[in-house]
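S.K.: Give me a model of this one.
(one chain, ligands or ions: 1)
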Amino acid sequence: MRELATELAIVGAGPAGLAAAEIALRHGMPVCLIDDNPAPGGQIWRGGQAGAAMAGHPKLRLLTATRVVAAPAPNCLLLESADGASQLSYHRLLLANGARERLLPFPGWTLPGVTGAGGLQALVKSGLDVRGKKVIIAGSGPLLLATALSLKAAGAQVIQLAEQASLASVSRFALHLWHWPGKLTQALMLGWQLQQVPYAMNTHVRAALGNDRLQAVRLRRGDEEIELACDWLAVGYGLLPNLELARALGCKTHHGVVEVDHVMRTSRRDVFAAGELTGIGGVDKAQLEGRIAGLLIIGEYDRAVALAKRRRRWLRFAAALEQHFSLQPAIAQLASADTVVCRCEDVRFGRLAKCGSWREAKLHTRCGMGPCQGRLCGAACETLFGWQNAGSRPPVFPARLDTLAGNPSTAEVT
Ligand SMILES: Cc1cc2nc3c(=O)[nH]c(=O)nc-3n(C[C@H](O)[C@H](O)[C@H](O)COP(=O)(O)OP(=O)(O)OC[C@H]3O[C@@H](n4cnc5c(N)ncnc54)[C@H](O)[C@@H]3O)c2cc1C
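M.R.: Below you'll find the model as predicted:
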């Protein structure tokens with residue numbers, strides 16, 4: 001196994017990780033930046049020119065298409081890529097590994113043609129041709145609008161945007177946006193660019209209909225149900241921080257986010273966290289937190305504290321997002337007995353409803369024990385049944401046997 005060493009390891013080359021890396025490199029600190037995507041940029045920029053200014057910096061080791069799969073020993077990460085496995089030892093670690101979409105089951109959600117909202121956006125950014133296709137985008141939160149815009153720009157016909165939150169709630173959120181002028185401008189531009197797209201509040205997907213592929217969607221809008229024919233349905237209920245690695249490292253989490261102090265220190269010495277991991281608040285919060293962490297890591301405590309004052313504003317934005325786009329109870333009651341909840345192990349809602357806890361469900365049905373290790377169904381079960389899935393076992397991502405075999409401490413627990 002390849003042995004690597006660095007002063008600062010950063011997991012995640014999104015806005016948070018890149019902001020921290022830039023500060024550390026400018027200071028002359030060796031940085032190893034790891035991301036499982038083929039290019040830096042994270043979920044929002046997905047490659048493009050992100051990180052271009054740093055490319056080729058002599059102190060930067062950029063490991064793209066590389067995944068951190070475990071933390072087998074103190075100050076050590078186990079990495080996997082197509083070229084093989086490596087062990088990276090570090091002095092300091094910044095976790096900036098972002099968030100994923102919350103997907104919740106409803107009848108028909110596993111049909112081909114049904115994706116996550118950000119998922120369809122990502123497919124389009126990777127080249128999926130949606131020209132002329134009829135698309136419905138549903139779920140909750142501002143990501144639906146960003147997805148609609150990307151799809152429209154790619155030539156799709158977005159025939160319905162369905163937001164589960166009430167009109168009153170979304171209006172209150174919009175009325176508060178003047179506290180964050182950049183977000184207000186962005187919202188006004190989105191509203192202008194999407195003015196032809198029907199945007200319904202208090203509306204959610206009841207079922208995706210079709211035999212071998214999606215043909216139509218049944219929507220519940222207030223008290224009425226409507227059916228619309230379409231080619232694609234993209235549904236996402238906001239974002240959830242990727243906590244597995246932080247938990248594997250022993251960092252404290254609370255209410256679904258990594259606990260950090262005002263300068264982004266976690267409960268573990270020499271481990272810092274920034275971006276969506278500390279609360280879903282968007283790109284500005286992620287960049288600011290990355291900068292704060294970067295400054296602290298290079299020893300600029302006073303500058304980090306000064307910058308941390310600006311963070312409060314973005315924490316209020318994160319709280320407003322959470323409050324105004326919180327899920328209505330009906331969203332947790334969409335699955336029927338034969339709706340698949342755990343896609344990896346094909347476990348249906350009816351079997352899970354007989355269990356009393358996440359642990360019992362795992363033992364009796366194998367829910368959450370497939371390749372995704374509960375990444376999707378764990379969050380779904382938390383919403384559907386209120387089960388907590390706080391545990392995390394190495395490897396945090398599915399890994400090849402040769403990666404694990406070269407690392408006895410991981411192999412033992414797998
Ligand atoms: C699917 C999706 C689509 C989005 N689309 C938009 C949009 O259009 N507009 C918008 O304003 N916001 C969008 N967002 C939100 C936006 O991406 C975030 O606000 C912002 O990118 C947060 O930055 P970050 O640095 O915290 O995390 P991210 O940008 O998510 O970066 C984290 C990076 O870490 C990598 N990573 C995670 N785990 C590992 C691991 N174990 N090993 C190696 N690498 C790892 C990820 O692949 C990712 O590249 C989207 C989010 C998602 C999940």
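S.K.: ok, the closest residue to the ligand within the stretch 201-350 of the chain - how many residues close by?
M.R.: For the stretch 201-350 of the chain, the residue closest to the ligand is residue 275, as judged by CB to the nearest ligand atom, at 2.2 Å. In short, each C-beta sits where N, CA and C put it, glycine included. Here the number of neighbours of residue 275 (other CB atoms under 10 Å) works out to 36.
S.K.: Cross-check the contact I'm expecting between it and residue 13.
M.R.: No. Using CB atoms under 8 Å as the test, residue 275 is too far from residue 13 to be in contact (11.0 Å).
S.K.: shared neighbours of these two, which are they?
M.R.: Common contacts of residue 275 and residue 13, defined by CB atoms under 8 Å, 6 or more residues apart in numbering, comprise residue 96.
S.K.: Now residue 266: closest residue in space that isn't a chain neighbour?
M.R.: Spatial nearest neighbour of residue 266, chain neighbours left out: residue 251 (4.1 Å); criterion: CB to CB, 6 or more residues apart in numbering.
S.K.: ugh, wrong one, I meant residue 234
M.R.: Using CB to CB, 6+ apart, the closest residue to residue 234 is residue 120 (3.9 Å).
S.K.: related to what we said a few turns ago, could you say which helix or strand contains the residue nearest to the residue of the stretch 201-350 of the chain closest to the ligand when sequence neighbours are not counted?
M.R.: Counting by CB to CB, 6+ apart, residue 275 lies nearest to residue 16, which is 3.0 Å off, once chain neighbours are set aside. Using DSSP states H and E, residue 16 maps to helix 15-27.
S.K.: Likewise for residue 144?
M.R.: In this structure, residue 144 sits in helix 143-153 according to DSSP H and E.
S.K.: Would that helix count as contacting the ligand?
M.R.: Yes. Applying CB under 6 Å from any ligand atom, one finds helix 143-153 touching the ligand at 143, 146.
S.K.: Follow the chain on from that helix and name the next helix or strand.
M.R.: strand 157-163.
S.K.: Do you have the helices of the stretch 1-150 of the chain handy? List them.
M.R.: Ranges of helices in the stretch 1-150 of the chain, per DSSP state H, counting those that start in this stretch, are 15-27, 42-45, 117-125, 143-153.
S.K.: Need those in CSV (columns: mean pLDDT and mean neighbour count).
M.R.: As requested, those are exported to CSV (pLDDT from 0 to 100; neighbours: other CB atoms under 10 Å):
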stretch, mean pLDDT, mean neighbour count
helix 15-27, 96, 24
helix 42-45, 78, 20
helix 117-125, 92, 21
helix 143-153, 95, 20
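S.K.: picking that back up, from memory the residue nearest to residue 234 sits against residue 232, does it?
M.R.: Yes. Here residue 120 reaches residue 232: they are 6.3 Å apart, a contact under CB under 8 Å.
S.K.: anything in contact with each of the two?
M.R.: 130, 135.
S.K.: re the thing from before, helices or strands up against the helix holding residue 144?
M.R.: Under the contact criterion of 3 or more CB pairs under 8 Å, 6 or more residues apart in numbering; DSSP states H and E, helix 143-153 touches helix 117-125, strand 134-140, strand 157-163, helix 181-193, strand 232-237.
S.K.: Let me have the ones you listed in JSON lines, adding distance to the ligand as columns.
M.R.: Shown next, in JSON lines, are the helices and strands packed on helix 143-153 (distance: least, CB to the nearest ligand atom, whole Å):
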{"stretch": "helix 117-125", "distance to the ligand": "2"}
{"stretch": "strand 134-140", "distance to the ligand": "12"}
{"stretch": "strand 157-163", "distance to the ligand": "14"}
{"stretch": "helix 181-193", "distance to the ligand": "8"}
{"stretch": "strand 232-237", "distance to the ligand": "8"}
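S.K.: For residue 224, which of these is the nearest?
M.R.: Taking CB to CB as the criterion, residue 224 comes closest to strand 157-163 out of the helices and strands packed on helix 143-153, the separation being 12.8 Å.
S.K.: Quick one: name the residues of the chain near the ligand.
M.R.: So the chain meets the ligand at 11-17, 34-37, 42-44, 67-68, 96-101, 118, 121-122, 143, 146, 239, 242, 245, 275-276, 282-283, 286, 397 (CB under 6 Å from any ligand atom).
S.K.: the inter-axis angle of the lengthiest helix in the chain versus strand 134-140?
M.R.: For the chain, the longest helix by residue count, based on DSSP state H, is helix 301-324. In terms of direction (axes from the mean of the first three to the mean of the last three CA atoms, to 10 degrees), helix 301-324 departs from strand 134-140 by 110 degrees.
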